[in-house]
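Student: Let me see the structure of the following:
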Amino acid sequence: MLARLNGEFQDRDQWFFNVWQPDTVTLPETGQAIPFHLADEALLASDPACWVLKPNAAWHGFGDIEDGYCLLDPIKVSITTPGILPGGAMSELGIPAQVVTAYLDRQGIVVEKTTDFTILVLFSIGVTKGKWGTLVNALLDFKRHYDVNAPLDQVLPGLLAAHPQRYRGMGLRDLCESMFVAMTELRTTETMSRAFSTLPVPDLSPVMAYEQLVRGNVESVPLDQLAGRTVATGVVPYPPGIPLLMPGENAGAADGPLLGYLKALEDYDRRFPGFTHDTHGVEVDEGRYRVRCITSGTQAAS
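Tutor: Predicted coordinates for the structure are as follows:
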């Protein structure tokens, strides 16, 4: 349904949501590749080949992976919002998924996970056509409200009530555009990729770091003083929910990818209250990120 709607809107030079999945399906009888939304539902439900991440396919971005190495779980649907082009470059139009999630939440639709430009929705036996139809209708409503720049007091009244000075007078498109500009400027998606492609240097084992934590040999350190320090607790940005730093690892250089990503998140959170990131192991003090580290001298004594 979403793939079909996306194609129809593209034919009219309009944007719409899409799904992170193969663009085409290969018919087993003829070998012909057809658009995903034209594939027979029985084929999609019975042939795992429809969901395989093929080597060098532009839609997934994982490059020359082994054919047959992995496939999508069809009941875990990643809805994509405009913002990222194949290859990883930023597009001209960007709609941060955080805003869409907030909009859906107001409609009573709870999503599993939100990244910069994807929304993960879990399907199960209890999810009927009527229920996922409600989701599709909500996405169509979001597009309509975005296109007319509907006032936030109509579409996200809770956000405006909680932060009136920041968002007063803004419409839905205004909010999305300002957030997308910040994401482009701070390079949040790019810095995340660099950070999670970097292996930190372990100064201590997690057990040794935990022992120092229990003994109280730790101190809270702001990001501008974190360079070269050994963290006492894990730092886990969510999403993706994967440790950026494990206890005992070194935060790296001040201009390195690890601190670069955390600084980008900190700056973004200051600009957009109500859309702050949930980063385990980070304490926020008046908008500043702080991380508990092993106190100086303790590590050498250990």
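Student: Once you drop chain neighbours, what's closest to Glu66?
Tutor: Pro55 (7.1 Å; C-beta to C-beta, 6 or more residues apart in numbering). Just so you know, the C-beta spots here come from the backbone N, C-alpha and C atoms, and that holds for glycine as well.
Student: and what of Thr118?
Tutor: Ser78 is the one closest to Thr118 (C-beta to C-beta, 6+ apart), at 4.9 Å.
Student: Got phi/psi on the one you found?
Tutor: Backbone torsions of Ser78, given as degrees, to the nearest 10, read phi -100, psi 110.
Student: In the stretch 1-150 of the chain, where is pLDDT below threshold?
Tutor: Along the stretch 1-150 of the chain, no part satisfies pLDDT under 70.
Student: For it, just list every one of the helices.
Tutor: 2-11, 41-46, 97-106, 129-147 (DSSP state H, counting those that start in this stretch).
Student: from the chain's centre, how far out does the second one sit?
Tutor: Yep, that's helix 41-46 we're talking about. 29 Å (C-alpha atoms, centre = their mean, to the nearest Å).
Student: Give me the most central residue, the chain.
Tutor: Thr115 (1.2 Å; C-alpha atoms, centre = their mean).
Student: wait, what's in contact with it?
Tutor: 97, 239-240 (C-beta atoms under 8 Å, 6 or more residues apart in numbering).
Student: a markdown table for those residues, including distance to Thr134 and neighbour count?
Tutor: Output for those, formatted as a markdown table (distance: C-beta to C-beta, whole Å; neighbours: other C-beta atoms under 10 Å):
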| residue | distance to Thr134 | neighbour count |
| --- | --- | --- |
| Ala97 | 19 | 23 |
| Pro239 | 24 | 15 |
| Pro240 | 27 | 12 |
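Student: which one of these is nearest Leu172?
Tutor: Distance to Leu172, by C-beta to C-beta, is smallest for Ala97 among the contacts of Thr115, at 13.9 Å.
Student: for the closest one, what are its contacts?
Tutor: Ala97 neighbours (C-beta under 8 Å, 6+ apart): 81, 114-119.
Student: From those residues, which land in strands?
Tutor: Counting by DSSP state E, the contacts of Ala97 place 114, 118-119 in strands.
Student: quick one on the thing from earlier: the residue nearest to Thr118 contacts Ile119, doesn't it?
Tutor: Yes - when contacts are counted by C-beta atoms under 8 Å, Ser78 is listed as touching Ile119 (7.1 Å).
Student: I am finished for the moment; much appreciated.
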